[in-house]
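> just the structure for this:
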Amino acid sequence: MRIEAVGINHVELSRRAGGADTFPTILGYDAARRREDRGERVLVTGTRGTYAELVAAKEENVFAIPDSLDTGAAAAIGVPYKTAWWARVDMGGLKKGDTLLVQGAATATGTGVRRHRLLARGEGVRDVTGRQARQGACARRPGTGVR
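Residues are numbered from 1 along each chain as shown. Below you'll find the model as predicted:
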């Protein structure tokens with residue numbers, strides 16, 4: 001798959017700051033790419049080295065990008081949204097009637113947590129956020145369920 005855009009996550013910042021475990025290293029866990037075999041736009045996530053020009057990835061880490069989503073935005077959602085799903089659904093086990101406090105609601109992962117309410121397993125969960133006034137507009141974006 002050929003690179004079109006990359007996501008920059010906390011793990012890349014940490015590795016750039018001296019936390020890389022092997023050298024030389026190619027950074028990256030998320031990227032929007034074009035499949036060489038089919039020509040379709042895809043998000044590659046959970047795969048080391050996505051900053052490289054070309055990368056091979058397991059099919060389970062490759063997701064089609066809908067036409068309605070910008071390539072740059074697609075590259076930015078992999079790790080934050082997977083982390084949000086893991087915290088809210090896999091580990092959190094939230095169910096209808098539960099209330100969830102979202103700390104850092106204006107961050108990429110916070111946005112992912114709040115947007116999961118739109119997915120089947122997020123139905124009926126009430127989100128509340130702790131935020132400063134200047135962050136309120138970001139946290140109250142349409143579709144997030146935050147008022």
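> now do the end-to-end distance for stretch 33-47.
End-to-end span of stretch 33-47 (Cα to Cα, to the nearest Å): 13 Å.
> any idea of the mean pLDDT in that stretch?
Stretch 33-47 shows a mean pLDDT of 88.
> same check on stretch 58-67?
90.
> which other residues reach it?
1, 32, 35, 40-47, 71, 74 (Cβ atoms under 8 Å, 6 or more residues apart in numbering). Glycine gets a C-beta too; all of them are placed from N, C-alpha and C.
> quick check, nearest of these to R114?
Nearest to R114, judged by Cβ to Cβ, of the contacts of stretch 58-67 is A74 at 18.6 Å.
> if we can go back for a sec, let's see which of the contacts of stretch 58-67 end up in strands.
A32, R41, V42, L43, V44, T45 (DSSP state E).
> so where's this protein shaky on pLDDT?
In the predicted model, the chain carries pLDDT under 70 at residues 20, 116-147.
> PyMOL command to pick out the buried ones of the contacts of stretch 58-67?
This is how PyMOL selects the buried members of these, with burial counted by 16 or more other Cβ atoms under 10 Å:
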select buried, resi 1+32+41+42+43+44+45+47+74
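> reformat the contacts of stretch 58-67 as CSV; add distance to T109.
Formatted as CSV, the contacts of stretch 58-67 follow (distance: Cβ to Cβ, whole Å):
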residue, distance to T109
M1, 25
A32, 19
R35, 27
E40, 27
R41, 23
V42, 22
L43, 16
V44, 19
T45, 13
G46, 15
T47, 19
T71, 21
A74, 16
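> break this structure down into its domains, please.
When the chain is parsed with automatic domain parsing, its domains come out as 2-76, 80-139.
> please enumerate the helices of the protein.
10-14, 71-75, 78-85, 108-115, 133-139 (DSSP state H).
> one step back: and the ones in strands among the contacts of stretch 58-67, which two are furthest apart?
R41 and T45, at 13.7 Å, using Cβ to Cβ across the ones in strands among the contacts of stretch 58-67.
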